[in-house]
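Colleague: Structure here, sequence nowhere to be found:
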């Protein structure tokens, strides 16, 4: 499972001109599901993200998590994170999970974040989405549950 995180002041996702999810201060998570992912990957990644200390404390040091800051998380499915660009000029999507499995894992991931007490918003799986982000910092991190 791969996640690209951006610390944001605000973020929203829309489909066909209608906002499907939006947050203020928090984290925008672009989530890619690979075919080998398991429930263990969901649990590990969700725990890592909600406890990652990427928000400033009163001294200006990144010492606070999204939970500490009472922030929110916007989760956007993004199979292109699973693309392999090592050969040729066209990415290979062979590692990306099939849509039915990927959607199930995506929904379980969102629920896992919510069980940790963080409010979430989402995009629409397998839709053409427009994502607007006001990146704070900028702070952008890539996490792979397999690394």
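Modeller: Now that the structure is in, tell me what you want to look at. Since we're looking at a predicted model, the values are computed, not measured.
Colleague: For residue 7, pull up the helix or strand it's in.
Modeller: Under the criterion of DSSP states H and E, residue 7 resides in strand 2-15.
Colleague: Can you give me the distance of the residue lying closest to residue 137 once chain neighbours are set aside to residue 131?
Modeller: Setting aside the residues directly before and after it, residue 137 is nearest to residue 7 in space (Cβ to Cβ, 6 or more residues apart in numbering), at 5.6 Å. C-betas here are computed from N, CA, C, even on glycine. Separation of residue 7 from residue 131 (Cβ to Cβ, to the nearest Å): 15 Å.
Colleague: Same drill for the two, tell me which one is more crowded.
Modeller: residue 7 (25 against 16; other Cβ atoms under 10 Å).
Colleague: State the pLDDT value of that one.
Modeller: Per-residue pLDDT puts residue 7 at 98.
Colleague: Give me the neighbour count for the residue nearest to residue 5 when sequence neighbours are not counted.
Modeller: Nearest residue to residue 5, sequence neighbours excluded (Cβ to Cβ, 6+ apart): residue 141, at 4.7 Å. Close neighbours of residue 141, defined as other Cβ under 10 Å, add up to 13.
Colleague: Could you look up the SS state of residue 141?
Modeller: strand (DSSP: H, G, I helix; E, B strand; the rest coil).
Colleague: Cross-check the contact I'm expecting between it and residue 48.
Modeller: No. Contact criterion Cβ atoms under 8 Å: residue 141 and residue 48 do not qualify, at 10.1 Å.
Colleague: Would you map the helices across this protein?
Modeller: 39-51, 99-115 (DSSP state H).
Colleague: Save those as TSV, and put in mean pLDDT and distance to residue 70 too.
Modeller: What follows is those, written out as TSV (pLDDT from 0 to 100; distance: least, Cβ to Cβ, whole Å):
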stretch	mean pLDDT	distance to residue 70
helix 39-51	97	12
helix 99-115	97	14
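Colleague: Residue 65: which of the ones you listed is closest?
Modeller: helix 39-51 (5.0 Å; Cβ to Cβ).
Colleague: Which neighbouring elements make contact with the closest one?
Modeller: strand 2-15, helix 99-115, strand 130-144 (3 or more Cβ pairs under 8 Å, 6 or more residues apart in numbering; DSSP states H and E).
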